[in-house]
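# sequence first, then the predicted structure, then my questions.
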Amino acid sequence: MITLDDVHLTLDSSAGPVDILRGVSLSVEAGEAVGVVGPSGSGKSTMLAAIAGLERPTSGTVHINGTDITALDEDALARFRRDTIGVVFQTFHLIPTMTALENVAVPLELAGRADAFEVARDGLAAVGLRDRLTHYPGQLSGGEQQRVALARAVAARPKLILADEPTGNLDQATGHEVIELMFRIQAETGATLVLITHDPELAERCGRRLHIVDGMITATNGGAAG
């Protein structure tokens, strides 16, 4: 499902080039759940962004579901991401002027789904927000906003779910509820899940745990790194 082959990513800064990823190689099977841990600034989020096609590697290749996304132009990459990948961020990235229903329906409409609002309604019901369809983000709690973001990410039943510290802005109890929802949806849909977390216990719930330090995978538990 996911294959990273010797991925390097270097970014320019005022102090000169900074090597964010330094030769990352990784294989993840379809349906697998992988937890990613490591200190702040270690390259976890950048690796996830490379998998999502939000950052282009300086060198190396990223294959998702058999497609080399590093070879796609921006339009093709956007279409591939829309059809294959759901991303959940720490910050919810909801459109404040749209209702919960509209926020979930937008990517479905962009994909040309005639049933966008029906699917969005079912997605919100699945995350316990059947009674919040017409509420705007500013009228929702942080946990409810993250549930909307989760519903939006998985409404089209993507083959790959990427989650970057999805509970980082939530209290412990609410974060636990969101994580339980995420694992339930992943199990029900058979999607592949890559989860970045600062919580080692949460990472242990995944079938495999990766540890990233200084832009390199330094340890992997429960499977091979590459």
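Perfect, thanks for sending it.
# which strand residues bridge the spatially most central residue of the chain?
Centrality entry for the chain: nearest residue to the mean C-alpha point is residue 162, 1.9 Å, by Cα atoms, centre = their mean. With DSSP bridges applied, residue 162 shows beta-bridge pairing to residue 87, residue 194.
# can you give me the end-to-end span of stretch 123-137?
16 Å (Cα to Cα, to the nearest Å).
# ok so, going back, residues touching the residue nearest to the centre of the chain, list them.
48, 51-52, 85-88, 193-194 (Cβ atoms under 8 Å, 6 or more residues apart in numbering). From N, CA and C alone the C-beta is placed, and that goes for glycine too.
# relative to residue 107, how far out is it?
Going from residue 162 to residue 107 by Cβ to Cβ, to the nearest Å gives 14 Å.
# try residue 124
14 Å.
# tell me which of those two has more neighbours.
Neighbours were counted for residue 124 and for residue 107 using other Cβ atoms under 10 Å; residue 124 has more, 27 against 19.
# hang on, the earlier thing: now, which of the contacts of residue 162 sits nearest residue 201?
residue 193 (16.3 Å; Cβ to Cβ).
# count of residues packed around the closest one?
Neighbours of residue 193 (other Cβ under 10 Å): 24.
# quick check: pLDDT value at it.
Note on residue 193: pLDDT of 97.
# how about it, what does it touch?
With Cβ under 8 Å, 6+ apart, residue 193 has these contacts: 32-34, 160-163, 182-183, 186, 206.
# same thing with residue 151?
104, 120, 123-124, 126-127, 129.
# give me the element it is part of.
helix 142-154 (DSSP states H and E).
# how about that helix: buried residues?
143-154 (16 or more other Cβ atoms under 10 Å).
# show me which of the residues you listed is closest to residue 6.
residue 153 (28.7 Å).
# so that closest one touches residue 161, yeah?
Yes: here residue 153 reaches residue 161: they are 6.5 Å apart, a contact under Cβ atoms under 8 Å.
# shared neighbours of the two, anything?
86-88.
# could you dump the contacts of residue 193 to a markdown table with pLDDT?
Below are the contacts of residue 193 laid out as a markdown table (pLDDT from 0 to 100):
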| residue | pLDDT |
| --- | --- |
| 32 | 96 |
| 33 | 96 |
| 34 | 97 |
| 160 | 97 |
| 161 | 97 |
| 162 | 97 |
| 163 | 96 |
| 182 | 92 |
| 183 | 94 |
| 186 | 93 |
| 206 | 94 |
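# ok, so of those, who is nearest residue 64?
Checking those one by one against residue 64 (Cβ to Cβ), the nearest turns out to be residue 160, at 6.5 Å.
# list the contacts for that closest one?
Per Cβ under 8 Å, 6+ apart, neighbours of residue 160: 1-2, 51, 64-65, 84-86, 191-194.
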